[in-house]
Structure formats: C-alpha cells, structure tokens
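Undergrad: One predicted model, sequence on top.
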Amino acid sequence: MAPGGSACKEVESYPAVADYAIATTKPESNSMTTKSSFGFVGKHGIQSNNGVYELLECPVCKNLMYPPIHQCPNGHTLCLNCKNRVHNCCPSCQYDLGNIRCLALERFAESLELPCKYHSLGCHEILPYYSKLKHEQHCRFRPYNCPYAGSDCSITGDIPTLIAHLKDDHKVDMHDGCTFNHRYVKLNPHEVENATWMLTVFKCFGKQFCLHFEAFQMGMAPVYMAFLRFMGDDSEAKKFSYCLEVGANGRKLTWQGIPRSIRDSHRKVRDSQDGLVIQRNLALYFSGGDRQELKLRVTGRIWKEA
Ligand SMILES: [Zn+2]
Ligand SMILES: [Zn+2]
Ligand SMILES: [Zn+2]
Ligand SMILES: [Zn+2]
C-alpha cells in the first residue's frame, strides 16, 4: 500500500502509441565513432538481448522513453505520458510516484547511438538516441502509404511492395511508356459531386507514376481534376515534368507540371489544385454528344528534365 494510505488502483491498459514530446536538443553527430553501437536491429532499432532495450522501454506503454523520464521512490521508471495517466500511482508497486526524475537513465540514453529503425529498408544512419525519432519521421527509407485514392487503405511499404499491392489487391491498370491517352467516362455526370476514378500507373524511366482523375466541388463549382504523382521521394519527383491535355472542336486545355511525390496524399495534391482542373461544363463540352455523359479524353506525356 502506498505511503500515506492512499489506495492506488491497478493500471489496466494503454494505447500502444503515445505522443512524445520529442527532445531534439542534442546536436547531430556525423561521427561513426559510436559511444555505444549495436549491429543488430530489434523492435525499436535496439539490440534486444543486451538489456538496453528493456531499460529504455516504458514498462507501461512499451514505447521508448524520452526525457523527462520519471521513477517512483522504489526506482520503477515510466514515461511522462504514462505518469500523467496513472494518477500519481506507480503501476509496478502502487506507491505514490511523486515527481522524481530519473536523470541517470536520461544521461545514459544520451550516450547511446543507435541505428535508424528503417535499417532493414536500407537506411544505414547511426543516430544519437534523442535524434533518432526526428530522423525516423523524415527518413527517406521510411515506408510509403499506399497511393490508391479510392479507399482508406492502410498498407505501407517500399515502392516494389506497393506496386505488387496495387496490382494484386486494387487491380490497378499498369502501363509501360511515357505517353498516355485515357478516356474517363461517367454516366449522369450531373449527379456526381465527388468521385474518384480507377488509378492508372505508368512505368517509364524505370519509375512509376500514378495518374489520378477525380470529380469534386471547388467552392460552388463542380470540377474534374487530373494529376500525376510519382512513386518515390520528392527530391526525385522534381527531376520529371509532365503535361496533360483535354480538348475538342479546335479548343484545348493543357497543363504542365511536376509530379508530386506520393509522400503527399492525393487529397493534399487535389486541395492545392496542382494539376489540370476542368470545369464540368467544359468537360462535358469536350465530351461531345448531348452533355448527358462524361467521355473525356485525357492525353499526356512524362519527360525527364535535363
Ligand atoms: Zn509509457
Ligand atoms: Zn514503483
Ligand atoms: Zn533512417
Ligand atoms: Zn492499398
């Protein structure tokens, strides 16, 4: 029982993910002369059989701990998030937690240099413990989200994994070549406010590009939008350009742009209007016929900037 007689209740369960206040004050170290380094990467990027992992893992939420690391009078450590949730009661021994920092463990963590958790995906960075989280949020080897826009798909992975996933699970059309000519069809286009057409993936220059076509309301106006996303990082996406064209009866609308990385969600690209936007009336005019059916031919080309 806790000193002072306050009865503490046992902690039951916690979400696996905690919001850390990330400490990033330690300067980045490029030195490979690691103070403590680990060749093998476990669950958090730390070798698990040397005890370091157990020491720095919060016993309550199982996440790695960052300052301020707290402890109870008996020395049980826990992270700040968990401390705030257990109502001042140590989950291990039920004593009052008080407000005791575990500076020794914080200093110990500071002395560590660890591999990035995306080591197995190709990142060879070795990072100071307190810089690791920040690096991992921006690591270029971190997995990509599935670029399929039609549903909330939770699949993540590297590009080859996602290409296989798009083919197998979303039945996406895959095309080779840097030019395209695509017809988007919709019956009763006047009824449609929001729609997403099947994604098309083009392979050229040994890379993959996703062609999106969507209908939505821009302000009060119903519009269609076509745009391209690059399956890779932004730095590489910038090496490419593309153009899109729609037209009929001697009129045409063209767009030239730079494909956006799939790191940017299709929604983000759409909201920034970074693509060919076509008013519905014009799209129906370009469709020919009696304006009761959308039959819009979108042609385009991708090229690599010199
Ligand atoms: Zn915790
Ligand atoms: Zn305790
Ligand atoms: Zn990394
Ligand atoms: Zn998916």
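TA: On my side now, so go ahead. Ligands and ions are numbered 1, 2, ... in the order given.

Undergrad: make it CA atoms for all contacts and neighbour counts henceforth
TA: OK.

Undergrad: and the residue in the stretch 51-200 of the chain positioned nearest to ligand 2, how many neighbours?
TA: Of all residues in the stretch 51-200 of the chain, the one sitting closest to ligand 2 is residue 93 (4.1 Å; C-alpha to the ion). Other residues within reach of residue 93, judged by other C-alpha atoms under 10 Å, total 17.

Undergrad: In contact with it: list those residues for me.
TA: Under the criterion of C-alpha atoms under 8 Å, 6 or more residues apart in numbering, the contact list for residue 93 reads 74, 76.

Undergrad: Retrieve the pLDDT associated with it.
TA: In the predicted model, residue 93 carries a pLDDT score of 93.

Undergrad: Also residue 292?
TA: Per-residue confidence for residue 292 comes out at a pLDDT of 85.

Undergrad: residues touching it, list them.
TA: 187-190, 284.

Undergrad: now do 6 Å
TA: Contacts of residue 292 were listed using C-alpha atoms under 6 Å, 6 or more residues apart in numbering, and they are residue 188.

Undergrad: same question, the one 10 residues further on
TA: The contact partners of residue 302, taken as C-alpha under 6 Å, 6+ apart, are 178, 241-242.

Undergrad: Is it bridged to anything, and to what?
TA: In this entry, residue 302 is beta-bridged to residue 242, by DSSP bridges.

Undergrad: sorry, back to before: what about the contacts of residue 302, which one has the most neighbours?
TA: In terms of neighbours by other C-alpha under 10 Å, these top out with residue 242 at 20 neighbours.

Undergrad: How much space separates it from residue 274?
TA: Using C-alpha to C-alpha, to the nearest Å, residue 242 is found at 12 Å from residue 274.

Undergrad: Likewise for residue 260?
TA: If you measure residue 260 against residue 274 using C-alpha to C-alpha, the figure is 8 Å.

Undergrad: When the two are compared, which one has more neighbours?
TA: A side-by-side neighbour count of residue 260 and residue 274, using other C-alpha under 10 Å, places residue 260 first with 29 against 19.

Undergrad: contacting residues around that one?
TA: With contact taken as C-alpha under 6 Å, 6+ apart, residue 260 is in contact with 229-230.

Undergrad: any idea how far ligand 3 is from it?
TA: Taking C-alpha to the ion, to the nearest Å as the measure, residue 260 falls 22 Å from ligand 3.

Undergrad: Distance check, that residue against residue 269.
TA: Counting by C-alpha to C-alpha, the gap between residue 260 and residue 269 amounts to 7 Å.

Undergrad: Kindly report the same for residue 129.
TA: Between residue 129 and residue 269 the computed distance is 34 Å (C-alpha to C-alpha).

Undergrad: Which one of the two is surrounded by more residues?
TA: Under the neighbour definition other C-alpha under 10 Å, residue 129 and residue 269 were set side by side, and residue 129 has more, 22 against 18.

Undergrad: how near is the more buried one to ligand 3?
TA: With the distance defined as C-alpha to the ion, residue 129 ends up 13 Å from ligand 3.

Undergrad: What are the phi and psi values at that residue?
TA: For residue 129, the backbone dihedrals (degrees, to the nearest 10) come out as phi -50, psi -40.

Undergrad: Contacts only, for it.
TA: Contacts for residue 129 were tallied using C-alpha under 6 Å, 6+ apart; they are 110, 112-113.

Undergrad: For the closest residue to residue 126 other than its chain neighbours, the count of nearby residues, please.
TA: Once its chain neighbours are removed from consideration, residue 126 has its nearest residue in residue 115; the separation is 4.3 Å (C-alpha to C-alpha, 6 or more residues apart in numbering). The local packing count at residue 115 equals 24, with neighbours defined by other C-alpha under 10 Å.

Undergrad: could we number from 46 for the rest of this?
TA: Fine by me, first position is 46 from now on; the one you just mentioned is residue 160.

Undergrad: I'd say residue 160 and residue 168 touch.
TA: No. In this structure, residue 160 is not within contact of residue 168 by C-alpha atoms under 6 Å, at 8.3 Å.

Undergrad: State the number of residues packed around residue 316.
TA: When neighbours are defined as other C-alpha under 10 Å, residue 316 has 10 of them.
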